[in-house]
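Trainee: Here is my input, please return the structure:
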Amino acid sequence: MFYKEIILAALLTVTVAGCATAPVGTAESDTLERRMAEQKRALDAANDRIDELSVKLQLLQEKLFPGIGSGVVYAPEAPPENLKVVKLSEEAPKVKVLKTAKGKVRVLEASKKGANRNVLKKSNKRKKKSVKKKNRAAKPLGPKGLYSKGQNLFLEGRYASAREVFSLFTASYPKHSLADNALYWLGEAHYSEQEYKSALKSFLKVTELYPNENKAPDAMLKVGLSYIELEEYDNASRTFNRLVSSYPDSVAAGKADRTLKTLLSTKKDGSK
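Mentor: Residues are numbered from 1 along each chain as shown. Predicted coordinates:
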C-alpha cells in the first residue's frame, strides 16, 4: 500500500509538471510561428521589389538598345540637306592697329556697324530657334516618339499614364513593328499595379495577334504568371507547357519550366 502511494504521488508530480510546462511550449510555438510569418512577408515584399526592378531593367535595356533581341533595326537618320555646317573656330574680328604718339599699340574693333550686325544676326537666330521649337511642339510625336514616351512614364512608375500612351499606340499603329512591345508593356503596367485580369487580357492579345514577334514568349510567360496570381493553377500549367513547346529556345521558356516544376512540387506537397 505504501509503495502504491509513492507511485501515485510520483505520477501526480509528473502530470502537474507537464501541465505547468505546456503553456510555455505553446507560447514558444506561437512566437516561432509569428517570426516565420514576418519573415515570409518580408521575403514576399523583397521578391515583389526584385520583380519590379527586373521589369524596369528589361524596359531600360530595350530603350537603350532597341535593336537587340527585338528584330527591329534602327538605321541612323541622314542629316537634312539644308543643314548648315558650323565651323569649330570662327575668324577673329578684323582690327585696326593704331600707333599712338608714345609708340603704344591700341587695338580697336573694325567698326561699330560690324558689331551691330553680329548682334542682329544672333537675335534673328534666337527667334528662328524659338519658332522651330514651337513648330516641333505642335507636331504629333509619331510612333517612335509615342512609344518612347510610354517607356519613360513606365520607368518613372507612372503606370496609369503609361497605360494611356501604350493604349493609344496600339490603337493608332496596330501594324507597326513596335505594336507587340506596346501591347506587352500595357500588360506590364496593369500587372505592376496588381490588376491581373486586365494584365492577362493584354498578354493574351500579344500571343494571339503577334505570335511570331519578339515579345510573344515573354507575353506567354506573363499569361501563366497572371493565372497563378488569379489562382488558376491548371491554366497556368497548361500555359507554361505550351510556352516550352512553342518557344523552346527562348529565355522565357526556361523560366516557365522552372515555375512549372515548382507548381508540380507544391501540388504534391499539398496532396500528402
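
Trainee: so how many other residues sit close to Glu208?
Mentor: For Glu208, the count of nearby residues is 10 (other CB atoms under 10 Å). Every C-beta, even on glycine, is put in place using the N, C-alpha and C of the backbone.

Trainee: can you give me the strands in the chain?
Mentor: With strands called from DSSP state E, the chain shows them at 95-99, 105-109.

Trainee: So, low pLDDT: which residues of the stretch 151-272 of the chain?
Mentor: Low-confidence segments of the stretch 151-272 of the chain (pLDDT under 70): 268-272.

Trainee: one more time with 80, if that's ok
Mentor: 267-272 (pLDDT under 80).

Trainee: Would you map the helices across it?
Mentor: For the stretch 151-272 of the chain, helices defined by DSSP state H, counting those that start in this stretch occupy the ranges 159-172, 179-192, 196-209, 216-229, 233-246, 251-271.

Trainee: outside of the third one, which residues touch it?
Mentor: Right, the one you point to is helix 196-209. Residues outside helix 196-209 that contact it (CB atoms under 8 Å, 6 or more residues apart in numbering): 174, 179-180, 183-184, 186-188, 190-191, 213, 215-216, 219-220, 222-223, 226-227, 229-230.

Trainee: Tell me the buried residues in it?
Mentor: Tyr196, Ser198, Ala199, Leu200, Ser202, Phe203, Leu204, Lys205, Val206, Thr207 (16 or more other CB atoms under 10 Å).

Trainee: Please work out the angle formed by the directions of that helix and helix 159-172.
Mentor: 30 degrees (axes from the mean of the first three to the mean of the last three CA atoms, to 10 degrees).

Trainee: Can I get helix 196-209 in PDB, CA atoms only?
Mentor: Provided in PDB are the C-alpha atoms of helix 196-209 (Å, rounded to 0.1, in the frame of the first residue of the first chain):
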ATOM      1  CA  TYR A 196      -4.100  40.800 -63.000                       C
ATOM      2  CA  LYS A 197      -7.300  40.300 -65.100                       C
ATOM      3  CA  SER A 198      -6.600  43.400 -67.200                       C
ATOM      4  CA  ALA A 199      -2.900  42.300 -67.500                       C
ATOM      5  CA  LEU A 200      -4.000  38.800 -68.600                       C
ATOM      6  CA  LYS A 201      -6.100  40.300 -71.400                       C
ATOM      7  CA  SER A 202      -3.200  42.300 -72.800                       C
ATOM      8  CA  PHE A 203      -0.700  39.500 -72.600                       C
ATOM      9  CA  LEU A 204      -3.100  37.100 -74.300                       C
ATOM     10  CA  LYS A 205      -3.600  39.600 -77.100                       C
ATOM     11  CA  VAL A 206       0.100  39.700 -77.700                       C
ATOM     12  CA  THR A 207       0.200  35.900 -78.100                       C
ATOM     13  CA  GLU A 208      -2.800  35.900 -80.300                       C
ATOM     14  CA  LEU A 209      -2.100  38.900 -82.600                       C
END
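
Trainee: neighbours around the residue lying closest to Tyr196 once chain neighbours are set aside, how many?
Mentor: Nearest residue to Tyr196, sequence neighbours excluded (CB to CB, 6 or more residues apart in numbering): Glu229, at 4.5 Å. Neighbourhood size, Glu229 [other CB under 10 Å]: 14.
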